[in-house]
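Novice: Sequence first, predicted model second:
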Amino acid sequence: MSVKLSNPLFEKLGMKYPIIQGGMAWAGTGHLAGAVSEAGGLGIIGTGYWKADKVREEIRRAREVTDKPFGVNVMLLSRHIREVFDVIIEEGVKVVATGAGDPSPFIEELHSHDILVIPVVPSVGLAKMMEKKGVDAVVAEGMESGGHIGMLTTMTLVPQVVDALKIPVIAAGGIADGRGVAAAFMLGASGVQMGTRFLASEEAEVHENFKNSVVKAKDIDTIVTGELLGNRARVLKTKMSKNFVKQERIEITKPKPDADAIEELENGSLRRAVLDGDKENGAFMAGQISGMITDIKPVAQILEDVWSQAEDLLN
Ligand SMILES: Cc1cc2nc3c(=O)[nH]c(=O)nc-3n(C[C@H](O)[C@H](O)[C@H](O)COP(=O)(O)O)c2cc1C
């Protein structure tokens, strides 16, 4: 017996596996997203603060790899957001995922172009608000995740969001094998999103140092930066990230925190990790599940291994 995919969105998108590759600024390129969609998952291009031209270029790179639908993750706080949406619509993208910010001003327009809107939410309150505004599904992301995070764990967040919503809930945070997928389904999710696992893939266009750092990391090798500044992000422990945490403690105790110093700490640090593999100054965003990831595999293999283990367990 094979487990039925209970997520109508995934059926609409023609996916073989109920697995999304989460949008990752800098790291989630068109090449990676295209490969994930081609292999039967849903790849998502992470656009961060990119300008519209770069977004178009990456969408076209994904198309070089696949004819299947893929998504684009947008940073709603970006100054270029209007032009980015224009490109997404012009290029016929099928899914828009959002991280920080409120997508509601754009939902109607995106729906009129048959584009699904799937925001990432860290709490029940935000999930309910998004459902009310008319999104198609939510990704409930626990604080085990790599990148920017909320306060709740996947184990506690997912069932509470499932209970509160009627639309499909996709679980993210700390999932990298079939056990995690099966657990997410048991919590009521009808799909999963993984980020860190796809960093350690052959198709990920991140610097070798980044991939190797994920593979070498142990369970306790991540740290949360930005805790005191209200902009929490999970990254691998490096000289830079440990210094960041020390520095923010110093800044926050000052009567007037130095905004420039704080921005300098954050600015470009993910780019330096992804493109340059800069262990001194880069922020290697990655989740707690890095400790379980010990190899670099093609995305098709990752999807097949994860889902066949999940299916065995769910059966
Ligand atoms: C390097 C990196 C960059 C990320 N950038 C974004 C982003 O730009 N937008 C977003 O919504 N989520 C971002 N995420 C979160 C992922 O989309 C995904 O939800 C998360 O990685 C899932 O948890 P996991 O890392 O435990 O698999 C990022 C994650 C990583 C590891």
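Specialist: Arrived safely.

Novice: which regions of this structure lie under the pLDDT threshold?
Specialist: 1-5, 255-267 (pLDDT under 70).

Novice: Up against the ligand, what does it have?
Specialist: 22-25, 27, 46, 48, 73, 99, 120, 141, 144-147, 172-175, 193-197, 199, 285-287, 289 (CB under 6 Å from any ligand atom). For every residue, glycine as well, the C-beta is placed using N, CA and C.

Novice: and the nearest residue to residue 141 once chain neighbours are set aside, what is it in contact with?
Specialist: Distances taken as CB to CB, 6 or more residues apart in numbering put residue 172 closest to residue 141, at 4.1 Å, once the chain neighbours are dropped. Applying CB atoms under 8 Å, 6 or more residues apart in numbering, we find residue 172 in contact with 22, 120, 139, 140, 141, 142, 145, 154, 192, 193, 194, 195.

Novice: Filter the residues you listed down to the ones in strands?
Specialist: Using DSSP state E, the subset of the contacts of residue 172 located in strands is 120, 139, 140, 141, 192, 193, 194.

Novice: And the helices in this protein?
Specialist: For the chain, helices defined by DSSP state H occupy the ranges 8-12, 30-38, 52-65, 81-90, 104-112, 124-133, 154-164, 178-186, 196-199, 208-216, 239-253, 259-266, 269-271, 299-314.

Novice: nearest to residue 280, of the ones you listed?
Specialist: helix 239-253 (6.1 Å; CB to CB).

Novice: Closest residue of the stretch 51-200 of the chain to the ligand?
Specialist: residue 195 (1.9 Å; CB to the nearest ligand atom).

Novice: what's around the nearest residue to that residue once chain neighbours are set aside, how many residues?
Specialist: Sequence neighbours aside, residue 22 is the residue nearest to residue 195 in space, at 4.1 Å (criterion: CB to CB, 6+ apart). Using other CB atoms under 10 Å as the criterion, residue 22 is surrounded by 31 other residues.

Novice: and residue 22, what is it in contact with?
Specialist: Applying CB under 8 Å, 6+ apart, the residues near residue 22 are 28, 44, 46, 73, 97, 120, 139, 172, 193, 194, 195, 198.

Novice: In the residues you listed, find the pair that's most separated.
Specialist: So, those by CB to CB: farthest apart are 120 and 198, at 15.6 Å.

Novice: Who has more neighbours out of the two?
Specialist: Relative neighbour count places residue 198 above the other of residue 120 and residue 198, with 31 against 26, counting by other CB under 10 Å.

Novice: That one contacts residue 206, doesn't it?
Specialist: No: with contacts counted by CB atoms under 8 Å, residue 198 stays clear of residue 206, the gap being 9.7 Å.

Novice: Tell me how many other residues surround the residue lying closest to residue 75 once chain neighbours are set aside.
Specialist: With sequence-adjacent residues excluded and distances taken as CB to CB, 6+ apart, residue 75 is closest to residue 48, at 5.3 Å. Counted with other CB under 10 Å, residues neighbouring residue 48 total 19.

Novice: Next up, the contacts around residue 48.
Specialist: With CB under 8 Å, 6+ apart, residue 48 has these contacts: 25, 26, 75, 78, 270.

Novice: now residue 188
Specialist: Applying CB under 8 Å, 6+ apart, the residues near residue 188 are 158, 159, 162, 163, 169.

Novice: Look up how far residue 287 lies from it.
Specialist: Distance of residue 188 to residue 287, given as CB to CB, to the nearest Å: 21 Å.

Novice: and if you look at residue 114?
Specialist: 32 Å.

Novice: how many neighbours does the closest residue to residue 76 other than its chain neighbours have?
Specialist: Among residues not flanking residue 76 along the chain, residue 101 sits closest, at 2.8 Å (CB to CB, 6+ apart). Counted with other CB under 10 Å, the neighbours of residue 101 add up to 14.

Novice: which residues touch residue 101?
Specialist: Here residue 101 is in contact with 75, 76, 77 (CB under 8 Å, 6+ apart).

Novice: correct me, but residue 176 touches residue 289?
Specialist: Yes: look at residue 176 against residue 289 with CB under 8 Å: they come within range, at 4.5 Å.

Novice: joint contacts of those two?
Specialist: 196, 197.

Novice: hang on, the earlier thing: okay, the residue nearest to residue 141 and residue 92: tell me how far apart.
Specialist: From residue 172 to residue 92 the distance is 26 Å (CB to CB).

Novice: And for residue 284?
Specialist: Counting by CB to CB, the gap from residue 284 to residue 92 is 34 Å.

Novice: Comparing these two, which residue is more hemmed in?
Specialist: Per other CB under 10 Å, whichever of residue 284 and residue 92 has more neighbours is residue 284, with 31 against 12.
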